[in-house]
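Undergrad: Sequence first, predicted model second:
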Amino acid sequence: MKKTMTAIALAMAVATPAMADLVVPNLSYRTGPYAPNGIPYADGFNDYFTLLNERDGGIGGELVRVPECETAYNTEKGVECYESTKGDGALVFNPLSTGITYQLIPKVTADGITLYTPGYGRTSAANGKIFEWVFNYPANYWDGASVAVKHLLDENGGDLSGKKIALVYHNSAYGKEPIRTLQELSAKHGFELVEIPVDHPGQEQKSQWLQIRRDKPDYVLMWGWGVMNAVAIQEAVNIRYPMDHFIGVWWSGSENDVIPAGEGANGYKAIGFHGTGADYPVYGDLKQYVYDAGKAAGDGSNPGNVLYSRGMYAAMIISEAIRKGQEIAGHSAVNAAEVREGFENLNLTQERLTELGLPGFAQPIEATCADHGGPGSAMIFQWDAAASTWNQASDWITADSEVLDPLIAEDSAAFAAENNIAERCN
Amino acid sequence: MPDQLLYAIEAGLNGLMAGVLYALVALGFVLIFKASGIFNYAQGVLALFAALTLVGFQNGQIPFAHLINAIFGTDLHTFGWQLPAIVAIVLAAGVMVILSIIIERYVLKHLVNQAPIILFMATIGLAYFLEGLGDIMWGADIKKLDVGLPQGINETIDTVTYNAFGYGFFIDNLDIVASVVAALLVISLTIFSQYSKQGRALRAVADDHQAALSVGISLRFIWVLVWSIAGFVALVAGIMWGSKSGVQFSLSLIALKALPVLMLGGFTSIPGAIVGGLIIGMGEKLFEFFVGPMIGGATENWFAYVLALLFLVFRPQGLFGEKIIERV
């Protein structure tokens, strides 16, 4: 009898479908050397989904569950997190690490789960013809490099010939991403590119900045992360490099990067693909339903800062893609394949952003089967140390598709050949 | 003088300065290893914890505020005061002494007579514990550390070298301060160990635990003393490194910079830590200057270890380490 009851209980447990919640794992890092950047991002990501649950009862009536898994920005741990959470009905992953992304691309492709990497990851995943399960809109590293060069062209009357531009980069897969693009842009616009790698974690950069002091580049671009950014900005201050000639990619443009250098960081520029600050109407709802209700993630000190805004951006895009997936599928309890459809058919307009309480926060996105990379536009922000704010220093700048499209096609074709992937969307 | 030579001299001088900063971290390892035979894996985290505590005191931050708020629904963050740097440094040093007493009482005391590997494992646990404690106490956000140390190019050196060679050398004021502080620290530690009663006791324990115990020296007191001194050295290292990059959790990784210094200088020699630091600092900067551009740069992290290994081939105990001869 006991055995029979156990068997029945076991059978019921197996037969019971997984919880009906929409599961969006948050592969975050709240510990280790990159925690100061991982925490605000994870907080923004979690808070936005908490808002949807508390205010709207989830998405399409389905609550969103966001199980968090600590990666410590470590690729092995990131893969472990993926393996341990994917069986929970995971619909989409956003690992916030280019290294983890590279490892997960073959896994998500085999498992049929979307990988969403806004502003990071493998750039050529913008080509939906090859990368069916990966999306990286609204912008990728190559867009960032192109936007920076376009900004410099604007500042130099459209001519960069004879100029010297140094790239200070994190000596990793992430940091090396823009090199090829910048080499192409260097050939096109006639500037000299000087590549200066910095090893993890970047606590000591004296050699690199002595080189910059000797070489006297006209501009310095930075692809850094974590402590590398703060040290680089401090070293630039030390050698009296003009801050308005120093431009970081969006992962080198948060408050964490400039505050340690104090007044010296005033005028430092960074590329950004979304707005910052807590003036958007959505913050009224966040305050009412999340912060004041005691449901905020973390210590509640991050709302409005750059990385919190980026985490919120990622959550907003994922939720809109799920909503689109529900619309296409005709039911609310969507599975991973249906969410992928949502990503591929996402049409995020300015009107929709306004409805979401985020007017002008980002560029519209109209994804297609072939285009998983989005508009590729970004703005330049400039740090005001006295006010401790990032001010918009340019309009939206669109990347140079004439240079980038062939590079994306070439890199994705190589990936397709290596992995025996047939082109789709034809 | 040819430009390349001037640049090389500048790189070498900056390497020496960087070496002093590495040596500051290595000193803490040496002190503990010398007195107790423990390779203290937590030394880097001690520097982080000390710097976090210093900034926390300076900014009047309430320790465990996030935890208190989460449990009691309060909204506490700061006491509303700003402490002068010197007061905050003294208080942070006091916390490091208290921490040493706690470590001795709850970790080391229970591991007397255990194999060195057990003690080493205990310090690994201690490192993770302190990192978590620091996070809960003071938060994981990056904090600006300003104790009034000068930073940026030294104008005098710049001007003098420019007038002499037509090229102004870059030497960071913070590095000069670090060098002076390191020199004072080494002199103080040497005087302390040579001329004070406690210092002689410390040396006696370092020479022979059993013999020291037999003449009435308290091993427990010595451990508290040496961990307190190492905690203070960690505080100094935390101040120097934290002033460069802000106080954040990657500060604990500065320990990685100390390892080749220890391998080269020896685990038991204070002068070894300094000389090792200088050789590693200058060696890696000159290698990066001359060879880095040919092989893609970013050579410093690995070259420091290659340099240390090269020395080990000829002197396995390090430059100043004690040669251990075991007879069967």
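TA: Everything's here; your move. In this text the structure is predicted, and so the values were computed from the model without any measurement. Residues are numbered from 1 along each chain as shown, chains lettered A, B, ... in the order given.

Undergrad: only C-alpha atoms for contact and neighbour calcs from this point on.
TA: Noted.

Undergrad: if you go through the stretch 101-250 of chain A in chain order, where are the helices?
TA: Per DSSP state H, counting those that start in this stretch, the stretch 101-250 of chain A has helices spanning A:141-155, A:173-176, A:179-189, A:206-215, A:227-238. These are given in chain order.

Undergrad: out of these, deepest packed?
TA: helix A:227-238 (a mean of 26; mean count of other CA atoms under 10 Å in any protein chain shown).

Undergrad: contact partners of it?
TA: Surrounding helix A:227-238, the residues in contact under the criterion CA atoms under 8 Å, 6 or more residues apart in numbering or on different chains are A:33-34, A:170, A:198, A:200-206, A:209, A:242-243, A:252, A:256-261, A:264-265, B:151-153, B:172, B:244-246, B:248, B:250.

Undergrad: State the distance from the residue sitting furthest away from the middle of chain B to chain A.
TA: Note on chain B: the largest separation between a C-alpha and the mean C-alpha position, by CA atoms, centre = their mean, falls on B:Gly73 (38.5 Å). With the distance defined as CA to the nearest CA, to the nearest Å, B:Gly73 ends up 8 Å from chain A.

Undergrad: list the contacts for that residue?
TA: Neighbour list for B:Gly73: A:Gly294 [criterion: CA under 8 Å, 6+ apart].

Undergrad: Mind telling me which of the helices of the stretch 101-250 of chain A the model trusts least?
TA: When these are compared by mean pLDDT, helix A:173-176 comes last with a mean of 90.

Undergrad: Against which helices or strands is that one packed?
TA: When contacts are defined as 3 or more CA pairs under 8 Å, 6 or more residues apart in numbering or on different chains; DSSP states H and E, helix A:173-176 sits against helix A:98-111, strand A:164-170.

Undergrad: Pick the most deeply packed of the ones you listed.
TA: Comparing the helices and strands packed on helix A:173-176 by mean neighbour count (mean count of other CA under 10 Å), strand A:164-170 comes out on top with a mean of 23.

Undergrad: Wasn't A:Trp383 part of a strand?
TA: Yes: using DSSP: H, G, I helix; E, B strand; the rest coil, the secondary structure at A:Trp383 is a strand.

Undergrad: show me the contacts for it.
TA: Listed by CA under 8 Å, 6+ apart, the contact partners of A:Trp383 are A:258, A:265-269, A:389-391.

Undergrad: go with 7 Å
TA: Contacts of A:Trp383 were listed using CA atoms under 7 Å, 6 or more residues apart in numbering or on different chains, and they are A:266-269, A:389-391.

Undergrad: give me every residue that touches the closest residue in space to it that isn't next to it in sequence.
TA: By the measure of CA to CA, 6 or more residues apart in numbering or on different chains, the closest residue to A:Trp383 outside its immediate chain neighbours is A:Trp390, 4.6 Å from it. Shown here is A:Trp390, whose contacts under the criterion CA under 7 Å, 6+ apart are A:381-384.

Undergrad: what secondary structure does A:Trp390 sit in?
TA: Using three-state DSSP, the structure places A:Trp390 in strand.

Undergrad: Looking from chain B, tell me which residue of the stretch 251-400 of chain A is nearest.
TA: The nearest approach of the stretch 251-400 of chain A to chain B comes at A:Pro260, 4.6 Å away (CA to the nearest CA).

Undergrad: residues near that residue, how many?
TA: When counting by other CA atoms under 10 Å in any protein chain shown, one arrives at 26 neighbours for A:Pro260.

Undergrad: Looks to me like it is in a helix.
TA: Yes: under three-state DSSP, A:Pro260 falls within a helix.

Undergrad: From what I see, it and B:Ser243 are in contact.
TA: No: distance between A:Pro260 and B:Ser243: 8.2 Å, which falls outside the contact criterion (CA atoms under 7 Å).

Undergrad: which residues do these two both contact?
TA: Common neighbours of A:Pro260 and B:Ser243 (CA under 7 Å, 6+ apart) do not exist.

Undergrad: quick one, helices of chain B?
TA: With DSSP state H as the criterion, chain B has helices at B:3-36, B:43-58, B:65-72, B:85-103, B:116-138, B:155-165, B:173-195, B:197-207, B:209-214, B:219-245, B:255-265, B:270-290, B:300-314.

Undergrad: Adding distance to A:Asp154, write those out as a markdown table.
TA: Listed next are those as a markdown table, based on distance: least, CA to CA, whole Å:
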| stretch | distance to A:Asp154 |
| --- | --- |
| helix B:3-36 | 34 |
| helix B:43-58 | 42 |
| helix B:65-72 | 46 |
| helix B:85-103 | 45 |
| helix B:116-138 | 44 |
| helix B:155-165 | 35 |
| helix B:173-195 | 37 |
| helix B:197-207 | 66 |
| helix B:209-214 | 71 |
| helix B:219-245 | 32 |
| helix B:255-265 | 42 |
| helix B:270-290 | 34 |
| helix B:300-314 | 37 |
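
Undergrad: before we move on, back to that, what distance do you get for the residue of the stretch 251-400 of chain A closest to chain B to B:Asp135?
TA: Distance of A:Pro260 to B:Asp135, computed by CA to CA, to the nearest Å: 18 Å.
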